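Student: Just a sequence and a predicted model for now, questions to come.
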Amino acid sequence: MKNHLERFFGRSENGTITDLLQRQAEIGAACAETLRKSAGNALPDIVAFEREGDMTEQRIHEILDSAFILRFDKSDVANLASTLDNTLDGMRHIATHIDTYKPYLTHLRPEAGELFETIETMSAAVLQLTKLLKERRLELARVKEYTRLLSKSEAGADAILHKAEKALVSDKKITADPLAFIAHDNLFRMLEDVTDTANHCGTLILSIARKEA
């Protein structure tokens, strides 16, 4: 039946779509690793990752605009591709922020390092989830396993942000300089925002898996 449909409507792009979604996640995982290892001080590399992610997302939307036979709902794929891209956008914003406020962010607080690590861990989990999309049928139990990990990591990031904010307002050296306070405070919030976005990627893939269950 599938071959008959493809002869009539054209070749299915399911494999290409899942390859591209996985590629987006691979770029995100590599970017997150670079972000952590450089402590955000690798703006040119991170911009390059973000641009490659943009091109990958654009290719996905081109396929969605022209494809007829797709395994997954077009709106689900579009939302996931957009959210994967948003994680890269968020990491670029972090690197840009650090580059802009570099004189005030020479020494990052330890909580920033914890959030860098959380982003890397969550990006790796998102990558594993996109790999599951390539299977003949999504295994709901395995998807739930990764989404639970993402949810737990995101909750941990919330706790780190709270700890960081309390420590920040107690740091007299930083609070004495408004620009230094803004630099650190905004950095913490931007880091936590990326964890929210990564968690949303998991939520979207879980929704896709439930539709197939």
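Tutor: Good, I have the coordinates.
Student: burial count for R109?
Tutor: 18 (other Cβ atoms under 10 Å). The way it works is simple: take the backbone N, C-alpha and C, and place the C-beta from them, glycine included.
Student: Kindly report the same for T106.
Tutor: T106: 7 neighbours (other Cβ under 10 Å).
Student: mind starting the numbering at 23 from now?
Tutor: In the new numbering, first residue 23, that becomes T128.
Student: Let me see the contact set for it.
Tutor: Contacts for T128 (Cβ atoms under 8 Å, 6 or more residues apart in numbering) come out as none.
Student: Could you look up the SS state of it?
Tutor: coil (DSSP: H, G, I helix; E, B strand; the rest coil).
Student: Look up phi and psi at it.
Tutor: phi -60, psi -40 (degrees, to the nearest 10).
Student: if I look at it, how far off is G62?
Tutor: Per Cβ to Cβ, to the nearest Å, T128 is found 12 Å from G62.
Student: and what of H119?
Tutor: 8 Å.
Student: Pick out whichever of these two has more residues nearby.
Tutor: G62 (25 against 19).
Student: returning to what we had before: if I look at H119 and G62, which residues touch both of them?
Tutor: L209.
Student: Let me know the next secondary structure element after the host helix or strand of V191.
Tutor: Element membership of V191, judged by DSSP states H and E, is helix 162-192. Moving toward the C-terminus from helix 162-192, the next helix or strand (DSSP H and E) is helix 194-197.
Student: Residues contacting that next one, please?
Tutor: Contacts to helix 194-197, defined as Cβ under 8 Å, 6+ apart, come from residues L190, V191, A202, F203, H206.
Student: and with 6 Å instead?
Tutor: Residues outside helix 194-197 that contact it (Cβ atoms under 6 Å, 6 or more residues apart in numbering) are A202, F203, H206.
Student: Just the C-alphas of that helix, formatted as CSV.
Tutor: Output of helix 194-197 as CSV, limited to C-alpha atoms (Å, rounded to 0.1, in the frame of the first residue of the first chain):
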residue,chain,number,x,y,z
LYS,A,194,28.1,42.8,48.5
LYS,A,195,30.8,43.2,45.8
ILE,A,196,28.4,42.4,43.0
THR,A,197,25.4,44.3,44.5
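Student: just how off-centre is the helix holding V191 within its chain?
Tutor: Put simply, helix 162-192 sits 14 Å off its chain's centre (Cα atoms, centre = their mean, to the nearest Å).
Student: Report the mean per-residue pLDDT for it.
Tutor: For helix 162-192, the mean pLDDT works out to 97.
Student: cool, stretch 87-97 as well?
Tutor: pLDDT averaged over stretch 87-97 gives 84.
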